[in-house]
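Novice: Give me the fold of what follows.
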Amino acid sequence: MPVRVRFAPSPTGHLHVGGARTAIFNWLFARHNGGELIIRVEDTDQARSTIESEAMVLDDLRWLGLEWEEGPDVGGPHAPYRQSERIDTYSDAAQRLLASGAAYRCFCTEEALEAKRKVAEAEGRPPHYDLTCHRLTPQQISARLASWMPFALRFHVPDDGDVTIDDLIRGQVTWRKESLGDFILVRSDGLPTYNFSVVVDDHDMEISDVIRAEEHLTNTHRQVLIYRALGWDVPRFAHVSLILGPDRSKLSKRHGATSVSAYADEGFLPDAMVNYLILLGWSTPDGREIFDAQYAIENFSLDRVNSAPAVFDRQKLEWLNGQYIHAMSAAALRPMVRRYIEADVPDAWLDDAIELVKKSVDRLTQFPDQLHFVWRFDAASPSRSVDRAFLKALETEFDASGVPVDADGYQAMVERLKAATGLKGKSLFMPLRMAVTGVEHGPELVRALPLLENGSRVDPSIVSPRERVRRIADLLPS
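Specialist: Here you go, the predicted model:
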């Protein structure tokens, strides 16, 4: 049987990192097995679903680098791919279940059902439906229909209603008939419930493997019973563990950013995000932590997915993201860094600036801070820690030999400053750094000096090393 998997988001906002990991696992499983990934939008929650949210989710998936063979944006042989456009399909399956006796009309109002639930709770019984409408005679049903009494369609759990699955992650899981009461398939407003629509969709779209979040495990009993009643093959199931916050509660907004788009806005790279989310639950066969998508595709298998919950560790994500940034060329980083750099500078100069500070960056949004010394020079800061004699020696050096443009020139300058000032070690390099950059800690001076000198020629807002020395000197007392 060809491998066909689906990711079925609800369009109620941006893609949550938990949903992103589920989508990635489906994508890896499909690619590893030469199969296909289908995107299906579960938008029957009319109060919360919007077409704008659908677009945001699809954009988030594309940002992660995922591709799919069928979906609402690309079409396919099993269209439509929005549940709201598939109501007729659910109606046909509902009529089949009603005709076979596997389902029946339930005329009970919500108020009546709530009263029954309260009685069951008071008596210590499971709040299962009491089968009132299952016992109606044909005449009673006809009378209610004749009076236009609204009804839902309810599934009747059969006597052989035990269900066992071999979950591809969790192993054998069993549910007993007694754990489940008769349940709703179609609401009185005509809309299908999740458990009904998902079965019809997965069958019609020929889904072979259902890889989804652990929270859907409890739905599996109902869904398998619906498959049986319709005479359809049951797909293989795999339920992925929850992602927890550092306090081991379910990951939520109180733990910080939870959507893929929020991490993109914070300067995380899509490749690093995918790498990290894969590690939340899947272990590599050789223990490596940094890998590309092709490695994951070649090695992915569900038997290496852990059934235990995974803890989201932002520090680990930032470290991993930093490793990706450090390994990238300045040219590759340039288009991403430009969105955070206000100045319009030449590519070659920006590449030098990126190369200078990238080892100190874990997120793209940190580049402006690391390059703060370039555009935000404040002569008042170094004027408090640099004396006039040192500035005079440095000014003389720049006037005589120019600003050094390579390592040899820089070392020669340092030796001449030693001789002229009698300073060495920290006593020499701290005032030198302050005079050039205005900050106590920063990039290598051997590379910062030519960056500033060349930058002053292409961007008037960048102050050259000579001018910096002059401005500091102007602030010192005579």
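Novice: Where does the record place the domain boundaries for the chain?
Specialist: According to automatic domain parsing, the chain comprises the domains 87-240, 336-475.
Novice: As a markdown table, those with mean pLDDT, mean neighbour count and distance to residue 307 would be great.
Specialist: Placement of C-beta: from N, CA and C, glycine included. Converted to a markdown table, the domains of the chain look like this (pLDDT from 0 to 100; neighbours: other Cβ atoms under 10 Å; distance: least, Cβ to Cβ, whole Å):
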| stretch | mean pLDDT | mean neighbour count | distance to residue 307 |
| --- | --- | --- | --- |
| domain 87-240 | 95 | 16 | 5 |
| domain 336-475 | 94 | 17 | 31 |
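Novice: Kindly reformat the ones you listed as a markdown table containing distance to residue 300.
Specialist: Converted to a markdown table, the domains of the chain look like this (distance: least, Cβ to Cβ, whole Å):
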| stretch | distance to residue 300 |
| --- | --- |
| domain 87-240 | 11 |
| domain 336-475 | 27 |
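Novice: give the contact list for residue 56.
Specialist: Applying Cβ atoms under 8 Å, 6 or more residues apart in numbering, we find residue 56 in contact with 11, 13, 14, 15, 261.
Novice: show me the contacts for the last one.
Specialist: Read it as residue 261. Contacts of residue 261 (Cβ under 8 Å, 6+ apart): 14, 15, 56, 59, 60, 63.
Novice: Give me the buried subset of those.
Specialist: 14, 15, 56, 60, 63 (16 or more other Cβ atoms under 10 Å).
Novice: quick one: pLDDT of residue 26?
Specialist: What the model reports as pLDDT for residue 26 is 98.
Novice: so the residue lying closest to it once chain neighbours are set aside, which of the three states?
Specialist: Excluding the flanking residues, the one nearest residue 26 by Cβ to Cβ, 6 or more residues apart in numbering is residue 5, at 4.4 Å. Of the three states, residue 5 takes strand under DSSP: H, G, I helix; E, B strand; the rest coil.
Novice: need the strands for the stretch 301-450 of the chain, in chain order.
Specialist: 310-311 (DSSP state E, counting those that start in this stretch).
Novice: one step back: quick one: which of the buried ones among the contacts of residue 261 is nearest residue 277?
Specialist: residue 15 (11.1 Å; Cβ to Cβ).
Novice: In three-state terms, label residue 211 for me.
Specialist: Residue 211 ends up strand, using three-state DSSP.
Novice: So it is in contact with residue 238, correct?
Specialist: Yes - using Cβ atoms under 8 Å, residue 211 is in contact with residue 238, at 4.6 Å.
Novice: Pull up the overlap in contacts between the two.
Specialist: With Cβ under 8 Å, 6+ apart as the test, residue 211 and residue 238 both reach 168, 302.
Novice: follow-up on the earlier one: quick check: which of the domains of the chain is nearest to residue 313?
Specialist: domain 336-475 (13.6 Å).
Novice: centre of the chain versus that closest one, how much separation?
Specialist: From the chain centre to the centre of domain 336-475 is a distance of 38 Å (Cα atoms, centre = their mean, to the nearest Å).
Novice: measure that domain end to end?
Specialist: One end of domain 336-475 sits 38 Å from the other (Cα to Cα, to the nearest Å).
Novice: any idea how far residue 358 lies from residue 67?
Specialist: 29 Å (Cβ to Cβ, to the nearest Å).
Novice: How about residue 155?
Specialist: 37 Å.
Novice: What of residue 207?
Specialist: From residue 207 to residue 67 the distance is 18 Å (Cβ to Cβ).
Novice: At which residues are the strands of the stretch 151-300 of the chain located?
Specialist: Under DSSP E, counting those that start in this stretch, the stretch 151-300 of the chain gives strands at 152-155, 163-167, 171-175, 183-186, 209-213, 236-240, 243-244.
Novice: Check the contact between residue 360 and residue 372; I expect there is one.
Specialist: No - the criterion here is Cβ under 8 Å, and residue 360 misses it with residue 372 at 11.6 Å.
Novice: which residues are in contact with both of the two?
Specialist: What both residue 360 and residue 372 touch, as defined by Cβ under 8 Å, 6+ apart, is an empty set.
Novice: mind listing what the residue nearest to residue 26 touches?
Specialist: Taking Cβ under 8 Å, 6+ apart as the test, what residue 5 contacts is 26, 29, 30, 35, 36, 37, 38, 207, 208, 209, 210, 211.
Novice: Just flag the most distant two among those.
Specialist: 36 and 210 (14.1 Å).
Novice: which of the contacts of residue 261 lies closest to residue 393?
Specialist: residue 63 (52.2 Å).
Novice: Leaving aside the residues adjacent along the chain, what's closest to that closest one?
Specialist: residue 270 (5.4 Å).
Novice: before we move on, what about residue 33?
Specialist: residue 3 (4.1 Å).
Novice: Give me the phi and psi angles of that neighbour.
Specialist: Backbone geometry at residue 3, expressed as degrees, to the nearest 10, gives phi -80, psi 120.
Novice: So what's the residue count around it?
Specialist: As a burial measure, residue 3 scores 17 neighbours (other Cβ atoms under 10 Å).
Novice: my read: it touches residue 35, true?
Specialist: Yes - Residue 3 is within contact range of residue 35, at 2.9 Å (criterion: Cβ under 8 Å).
Novice: what is in contact with these two at once?
Specialist: 29, 208.
Novice: ok, now which ones touch residue 264?
Specialist: Counting by Cβ under 8 Å, 6+ apart, residue 264 has contacts 60, 63, 270, 273.
Novice: Next, give phi and psi for the residue lying closest to residue 225 once chain neighbours are set aside.
Specialist: Ranked by Cβ to Cβ, 6+ apart and with sequence neighbours excluded, the top spatial neighbour of residue 225 is residue 161, at 6.1 Å. With angles defined as degrees, to the nearest 10, residue 161 sits at phi -90, psi 10.
Novice: Look up how far residue 174 lies from residue 161.
Specialist: 12 Å.
Novice: ditto for residue 110
Specialist: 32 Å.
Novice: again with residue 274
Specialist: 35 Å.
Novice: Can you name the residues that contact residue 316?
Specialist: Residue 316 sits in contact with residue 276, where contact means Cβ under 8 Å, 6+ apart.
Novice: if you set the cut-off to 10 Å instead, what comes out?
Specialist: Neighbouring residues of residue 316 by Cβ atoms under 10 Å, 6 or more residues apart in numbering: 276, 279, 280, 289.
Novice: Can you flag which of the contacts of residue 56 belong to helices?
Specialist: Applying DSSP state H to the contacts of residue 56, the entries found in helices are residue 261.
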